[in-house]
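Undergrad: 3D model of this:
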Amino acid sequence: MSIKSSARAAILPIAVLFFRLILAQDGPESVLRGTKEFRKSVLVSGLAGPWELTWGPDNMLWVTERTGKRITRIDPATGQRTVAITIDQVSAPAGQDGLLGMALHPELLADTGNNYVYAAYTYVDQSKGVSTAVSNASAPFRYLYGKIVRLTYDRSNGTLSKPVDLITGLPVGNDHVSGRLKFGPDRKLYFTVGDEGHNQLGNSCLPIEAQRLPTQDEVNRKAYSAYVGKSLRLNLDGSIPNDNPRLAGVVSHVYTYGHRNMQGIDFGPDGTLYASEQGPKTDDEINILTPGSNYGWPHVAGLKDGKAYEYARWADAATPCAQLTFSDLAIDPSVPREPESAFKKPFMEPIATMFTVPTGYNFHDPACKGVDFICWPTVGASSIEYYESKGTGIPGWNKVLLVTTLKRGSLYVAPLAADGKTTNGHMWRYFQSENRYRDTAVSPDGRTIYIATDPDGLAEALSGGATGTMQNPGAILAFTYVGEGAAAPAGEPQRISESNKPRFEAQPGLTGAMPPQFTAAQAAEGKTSYNSNCAVCHGNTMTNGTFGPPLAGEYFRNKWIGQTVRAFYGHARTMPPAAPGSLGNDTYAGIVAYILETNGFKPGSEKLPAGEEALDKMTIQF
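TA: Alright, predicted model coming up:
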């Protein structure tokens, strides 16, 4: 071989690697519209927050209902539902907690004595003490923790019972709970723990601890607060596997670290562990998890490319953090900022991002009218599933990853290279809808994809902008492959324009109506209650939440102008979604007062009455 041809041989792998890196960090405009044709049907609806969806060995779909506290079995042929167990201990005070991950023992119904189902959920445990992440005494998360239990299945009556705690006291916050659970080919349990949403919104003054590793003393005391922002690997009895990675000299349950909100994990047939993780404003990630590896958060989002992300440490601000108003877009000058290039530790980059944009990208498009996150390139990756057609499934999908998303109501298909270690080509988007897709399951023949949907939240409207009305709330949808179609670019997410922004019919005010009445002290108390109970969904500025609709600005005015304060107070009492009416009348009145003050109404000498008929005489007029 000549010197020239040797050089070409050496350059070729580098060129291929560079090409794959370019693909790994494409922007949203690179996504292709799917060419496969599917027939859609609604298998079942009205589920209370379907979260984990799994095809069982009994040819039934097994699903956890996050707020329903149930594990339900569904006949894919008829949609008939059977409740296997209701777990009364489950507590779900916010939008990301409750009954979450579930894993079926691979020998379930195989007559080996292993008729076990593993489930993860959040619960209240005052014996563990107050969570270190909660400072407000009235917050429903003060004593909220996570656990994994083993349940025994009785095939004679189709029920689960005999719960055995495997691990308790796992850290839980009011945001970024994660909670995906998988049974590994090594007969270990794998579990994801989020970073609790620190350093943003109502938690902006709490530092991110995804890089902090547990000490030996913490492990000995079973004090698991350092498990935030990690993936865990457990023996089937909940103990620590001897061959878990040694990190900072300590062997714990921690398998990987440096994660933000990893809601999806799944194993390929060769044991490769894939993960989907939600990024901040850019760079949702698709990762391969390897033992002991660091994935960079919060110092790096996506690839270490310096694009459109830097780490702003709000808790370390020169001005006391409590005096600042958090913003994703305008970082206060007193907040220390750190570019990705400042992070020098070894870490694992993702095999793909969803999606990366250049520095200078407009994250505050005025056309979005207060729902900025809809215009962001992130899609809210909520699950991941490895798929192979194996000759009988969907043609062309020989090795792909199926990724559901919350924000854009779509299924993304990421093709993998032959070795399964890198992505290979642009992603395809399917089933775009006004839904929040939560998880997938695939029929044994590989021809039908089942998707669980959230019952509520915010999604991108098909006409552009945001919608809080789900197309198929709390449903299991079935998409059955029927043939091939034509390829076309999927296009960028639509922006809100004057012609397609959300519209609401204003209600006429009552004769003799008066403006809202509340005191400054009441609004101040309401602010504390709002930050503890509402900011996680609606944002700390009421316009920067990614789950609940804006409660200030144009969106709020269009929705509530001309309506009575009593109507808005009644709406407030439907929150939080998992426990409506649970905060107390005075607390709701304070929250309403704070929202009204934020929208420009002036406090006076009279308190806003809690649920009295006087609210009928007050109207929201701007």
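
Undergrad: please count neighbours and contacts with C-alpha atoms only from this point.
TA: OK.

Undergrad: list the contacts of the nearest residue to D237 once chain neighbours are set aside.
TA: Nearest residue to D237 in three dimensions, chain neighbours excluded: L166, at 5.5 Å (CA to CA, 6 or more residues apart in numbering). Going by CA atoms under 8 Å, 6 or more residues apart in numbering, L166 touches 147-150, 236-239.

Undergrad: quick check: closest non-adjacent residue to T619.
TA: The spatially closest residue to T619, leaving aside those adjacent along the chain, is T564, at 4.2 Å (CA to CA, 6+ apart).

Undergrad: hmm, the one you found is touching A614, no?
TA: No. The criterion here is CA atoms under 8 Å, and T564 misses it with A614 at 10.1 Å.

Undergrad: if you count what's nearby, which of these two comes out ahead?
TA: The neighbour comparison of T564 against A614 (other CA atoms under 10 Å) goes to T564, with 25 against 14.

Undergrad: shared neighbours of T564 and A614, which are they?
TA: When contacts are counted by CA under 8 Å, 6+ apart, T564 and A614 have no shared neighbour.

Undergrad: ok, so of the contacts of L166, who is nearest P339?
TA: Distance to P339 across those (CA to CA) is lowest for K147, with 36.0 Å.

Undergrad: so how far is P603 from the residue nearest to T619?
TA: 17 Å (CA to CA, to the nearest Å).

Undergrad: ok, the residue nearest the centre of the chain - contacts?
TA: In the chain, the residue lying closest to the centroid (CA atoms, centre = their mean) is S382, at 5.6 Å. Neighbouring residues of S382 by CA under 8 Å, 6+ apart: 262-264, 276-278, 403-406, 437-439.

Undergrad: what's the first helix or strand after whichever helix or strand it is part of?
TA: Element membership for S382 (DSSP states H and E) is strand 381-387. Following strand 381-387 in sequence order, the next helix or strand is strand 400-405 (DSSP H and E).

Undergrad: contacting residues around that next one?
TA: By CA under 8 Å, 6+ apart, the surrounding residues in contact with strand 400-405 are 276, 379-388, 410-416, 436-440.

Undergrad: swap the cut-off to 7 Å and go again
TA: Identification of contacts with strand 400-405 by CA atoms under 7 Å, 6 or more residues apart in numbering yields 379-388, 410-416, 436-439.

Undergrad: longest strand anywhere in this structure?
TA: The longest strand of the chain (DSSP state E) is strand 159-171.

Undergrad: relative to it, what are the paired strands and their orientations?
TA: Sheet pairing for strand 159-171, assigned by DSSP bridges, gives strand 144-154 (antiparallel).

Undergrad: quick check: buried residues in the partner strand?
TA: Within strand 144-154, the residues that count as buried by 16 or more other CA atoms under 10 Å are 144-153.

Undergrad: need those residues in JSON lines with pLDDT and distance to T54, can you?
TA: Formatted as JSON lines, these follow (pLDDT from 0 to 100; distance: CA to CA, whole Å):
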{"residue": "L144", "pLDDT": "94", "distance to T54": "27"}
{"residue": "Y145", "pLDDT": "96", "distance to T54": "25"}
{"residue": "G146", "pLDDT": "97", "distance to T54": "21"}
{"residue": "K147", "pLDDT": "98", "distance to T54": "20"}
{"residue": "I148", "pLDDT": "98", "distance to T54": "17"}
{"residue": "V149", "pLDDT": "98", "distance to T54": "17"}
{"residue": "R150", "pLDDT": "98", "distance to T54": "16"}
{"residue": "L151", "pLDDT": "98", "distance to T54": "16"}
{"residue": "T152", "pLDDT": "98", "distance to T54": "17"}
{"residue": "Y153", "pLDDT": "98", "distance to T54": "15"}
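
Undergrad: thank you kindly, that will do.
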